[in-house]
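Engineer: pasted the sequence and its predicted model underneath.
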Protein chains: 2
Amino acid sequence: MDAVTTGLRERKKLRTRRALGAAALELAVTHGLAEMTVEQIAEAADVSPRTFFNYFSSKEEAVVAADVERARDMGERLAERPDGEPVLEAVRAVMHEMLGDTPRSREWIAQARLVKSEPTLVPQQLAAYAAAERELTAIIAERTGRGPQDLYPAVTAAAVMSAMRVATTRWLESDGHGDLVGVVDQVIDLLAVGLQSPPSRAP
Amino acid sequence: MDAVTTGLRERKKLRTRRALGAAALELAVTHGLAEMTVEQIAEAADVSPRTFFNYFSSKEEAVVAADVERARDMGERLAERPDGEPVLEAVRAVMHEMLGDTPRSREWIAQARLVKSEPTLVPQQLAAYAAAERELTAIIAERTGRGPQDLYPAVTAAAVMSAMRVATTRWLESDGHGDLVGVVDQVIDLLAVGLQSPPSRAP
DNA sequence: CCGCAAAAGTGCAGAGACTGCAAGATCGGC
DNA sequence: GCCGATCTTGCAGTCTCTGCACTTTTGCGG
């Protein structure tokens, strides 16, 4: 009775969706977003162009599809953290886990770079983050036993997602040579102290 | 030597931009987003369809144009707050000011409702918020005398914008009958205490 | 005042995104 | 094996969005 009831049908659909997303990302990276056409994406995923639009409502949405998968992944990991753990610490732990997965990280970095170079993708990526935020809100609400009218889960989820976004953006600006885990830790610390202005770090 | 050097040229451009934005919002509200065409917007703003695309890159962007104006407004007000004031308190004060402007609020509510009913607008609205966030980051950096490499301004700006977004969303869900100012105060308080889970309010 | 260079507006033509519809293919249960 | 439900596909058509070349407007210095 769960959503994980994987009939052949569901599995096939998921495979198609992933194939389309992967093809879109691949083509966008190699040929550029503007040059890539829906027809090419569909062909690469071995599906008709019309079918593409049954899965995504635009090229851009397909390119950032991996983001909503990552969001789901993050939600699942978060749900598995021990009960008493403070939310921000749980998030920190989950991020450490996810960033440890090097191959996944690579694909993720490629996508981040692409978004940075193609402004059209920004709105879509933000929308993907918003979806992640909704999941996160639900998880946090459950962990803290709060009702849906309570502001706490929503604000926390929103703040956390924003902070992660800032962390990755910053890290990407330093061209991926810095320590992303370290940056993530810093932004979580900032949230944890209530955004009090900390003493400037020695230059 | 300033950007405020308003020659006739600049002023006219701004007027056209506003006219296009207003027309787009108006038409979207009355006729629906899908039904409204760029041609109609252009006509309403007394400009050629081709010119529309010199200002906005899509219908959706035009509809949420007012958001980036509000963001600029927020930035300006924030810059005028007294120097020693903590950032979150400055934000609180500015929001109180802005929400006091009833006529502006009305238009803003109309737009918010529209976005809620037309999912296509969500990504664009988020992009507008992101623009606001960038401005806010700069202001906060200046207020706290921090360099652009410092994470504090960026995280604060991101968290604040997210919190405002949550506040307005929540308030809108209760159909605009609740107390938005009160909700804003609550979300700022949550940020200020470092997202510690507060005791559940009595049901 | 006048002419000029830069900036803004416009028309046109074309590629391609995206949608509704109706017909064909596939799956899951009985 | 059969049937309803779901998924895929082709088709036709509308509209978005862009590059380019051309006209108009603006701001400025003579």
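Structural biologist: Perfect, I can see it now. Residues are numbered from 1 along each chain as shown, chains lettered A, B, ... in the order given.
Engineer: secondary structure element for the closest residue to A:Val187 other than its chain neighbours?
Structural biologist: Excluding the flanking residues, the one nearest A:Val187 by CB to CB, 6 or more residues apart in numbering or on different chains is A:Ala163, at 4.2 Å. Every residue, glycine included, has its C-beta placed from N, CA and C. Element membership for A:Ala163 (DSSP states H and E) is helix A:151-173.
Engineer: that helix packs against which elements?
Structural biologist: The contact analysis (3 or more CB pairs under 8 Å, 6 or more residues apart in numbering or on different chains; DSSP states H and E) places helix A:151-173 against helix A:87-100, helix A:102-117, helix A:121-144, helix A:180-192, helix B:151-173, helix B:180-192.
Engineer: for that helix, the distance to its chain's centre please.
Structural biologist: On the basis of CA atoms, centre = their mean, to the nearest Å, helix A:151-173 is displaced by 11 Å from the centre of the chain it belongs to.
Engineer: and it, what's buried?
Structural biologist: Residues A:151-168, A:170-172 are the ones in helix A:151-173 that count as buried (16 or more other CB atoms under 10 Å in any protein chain shown).
Engineer: what angle do it and helix A:102-117 make?
Structural biologist: For helix A:151-173 against helix A:102-117, the angle by axes from the mean of the first three to the mean of the last three CA atoms, to 10 degrees is 80 degrees.
Engineer: geometrically speaking, which residue is the centre of chain A?
Structural biologist: Most central in chain A under CA atoms, centre = their mean is A:Asp67, positioned 3.6 Å from the mean C-alpha point.
Engineer: nearest residue to that residue in space, please, no chain neighbours.
Structural biologist: Nearest one to A:Asp67, counting by CB to CB, 6+ apart, is A:Ala128 at 3.8 Å.
Engineer: pull the contacting residues for that neighbour.
Structural biologist: When contacts are counted by CB atoms under 8 Å, 6 or more residues apart in numbering or on different chains, A:Ala128 touches A:64-65, A:67-68, A:71.
Engineer: mind checking what helix or strand follows the host helix or strand of A:Leu25 in sequence?
Structural biologist: If you go by DSSP H and E, A:Leu25 is part of helix A:8-31. Next helix or strand after helix A:8-31 toward the C-terminus (DSSP H and E): helix A:38-44.
Engineer: quick one: which of the helices and strands packed on helix A:151-173 is nearest DNA strand C?
Structural biologist: helix A:121-144 (10.1 Å; CB to the nearest atom of the strand).
Engineer: so for that closest one, what gets flagged as buried?
Structural biologist: Buried, per 16+ other CB under 10 Å, within helix A:121-144: A:121-130, A:132-141, A:143-144.
Engineer: what do you get for stretch A:82-101?
Structural biologist: Under the neighbour-count criterion of 16+ other CB under 10 Å, stretch A:82-101 has A:86-88, A:90-92, A:94-95, A:98-99 buried.
Engineer: so what touches that stretch?
Structural biologist: A:70, A:73-74, A:77-78, A:81, A:104-105, A:140, A:143-144, A:156, A:160, A:164, A:180-181, A:184-185, A:188, A:191-192, B:194-195, B:197.
Engineer: looking at it now, give me its mean pLDDT.
Structural biologist: The pLDDT scores in stretch A:82-101 average 93.
Engineer: how far does it sit from its chain's centre?
Structural biologist: Stretch A:82-101 has its C-alpha centroid displaced from the chain centroid by 15 Å (CA atoms, centre = their mean).
Engineer: kindly report the same for stretch A:95-115.
Structural biologist: 10 Å.
Engineer: residues in contact with the residue nearest to A:Val187?
Structural biologist: Contacts of A:Ala163 (CB under 8 Å, 6+ apart): A:187-188, A:190-191, B:155, B:158-159.
Engineer: contacts (any at all) between chain B and stretch A:38-55?
Structural biologist: No. Applying CB under 8 Å from any CB of the partner chain, one finds stretch A:38-55 out of contact with chain B, separated by at least 13.9 Å.
Engineer: in terms of helices and strands, where is A:Pro119?
Structural biologist: Of the helices and strands defined by DSSP H and E, none includes A:Pro119.
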